[in-house]
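Participant: Coordinates only, no sequence provided:
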Ligand SMILES: Nc1ncnc2c1ncn2[C@@H]1O[C@H](COP(=O)(O)OP(=O)(O)OP(=O)(O)O)[C@@H](O)[C@H]1O
């Protein structure tokens, strides 16, 4: 694997929380590399540090020590404004609780980040329509989240995450609120986007259906990587 296709590198990453004067080592010395085009699941028991790790990779949370390097850039030292730009440019987020804006339509939710990026309206609209079609929501562009099922809302969230052409997509328990039909549908769409467009996906999950689709599974326990398995 060449250096050049490494999109994320974690170097001896630590995150310690002081809860009730007791230090919790939520992430405890994680070093790893994620390459372009990976479809990787981070797994492990509740409280093992999955969300904390993803939040640090996504620049939503600062490490206590160690470094997060994205596309060759150390993100820990960035100012808050530079971090906002970094997130807009590099990362698509998909959360368990969809986080769509209720007053906006599917197309507007998908376009929103492109608007922040200053992409012209016609181009935003074209890309949003293409993405919504790619996630199977053609004809639903004008619907608000309240008119969509949970699975459909999560598909809008995936379209939104991809709208900015991010370096990679971070998905924290994306299927936690979905039934098995919606889960399998969503996973097929993400696997297809991964295969066709070489988009890098990084999941934190407990869901065996997601784990079964992953080509690399990183297992955390007490904030440490205890297994890192790539499947053929
Ligand atoms: N803001 C915080 N303050 C104090 N402790 C925290 C905070 N956030 C997380 N922790 C602790 O850090 C550890 C790791 O939490 P984290 O949410 O990363 O685990 P997780 O593997 O994502 O869990 P789950 O699968 O339940 O979502 C846990 O012991 C948790 O209680």
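Facilitator: The structure has been received and is ready for your questions. Computed from a predicted model, the values in this text were never measured in an experiment.

Participant: What's opposite the residue most central in space within the chain in the beta bridge?
Facilitator: In the chain, the centroid-proximal residue (CA atoms, centre = their mean) is residue 170; its distance is 1.1 Å. Residues in a beta bridge with residue 170, per DSSP bridges, are residue 93, residue 202.

Participant: what's it in contact with, if anything?
Facilitator: By CB atoms under 8 Å, 6 or more residues apart in numbering, the contact set of residue 170 is 54, 57, 58, 91, 92, 93, 94, 202. Where C-beta positions appear, they are placed from N, C-alpha and C, glycine not excepted.

Participant: Just give me the closest of those to residue 176.
Facilitator: residue 94 (11.1 Å; CB to CB).

Participant: Please list the residues outside the helix or strand of the chain with the lowest mean pLDDT that contact it.
Facilitator: One helix or strand of the chain scores below all others by mean pLDDT, DSSP states H and E: helix 180-197, with a mean of 86. Identification of contacts with helix 180-197 by CB under 8 Å, 6+ apart yields 37, 39, 134-136, 149-152, 154-155, 158, 162, 169, 171, 174-175, 178, 199-201, 207, 209-210, 213.

Participant: what ranges of the protein fall below the confidence cut-off?
Facilitator: In the predicted model of the chain, residues 1-4 satisfy pLDDT under 70.

Participant: where do the helices sit along it?
Facilitator: Using DSSP state H, the helices found in the chain span residues 50-57, 80-90, 106-116, 121-134, 150-163, 180-197, 208-213.

Participant: Ok, which of these comes nearest the ligand?
Facilitator: The ligand lies closest to helix 50-57 among the helices of the chain, at 3.3 Å (CB to the nearest ligand atom).
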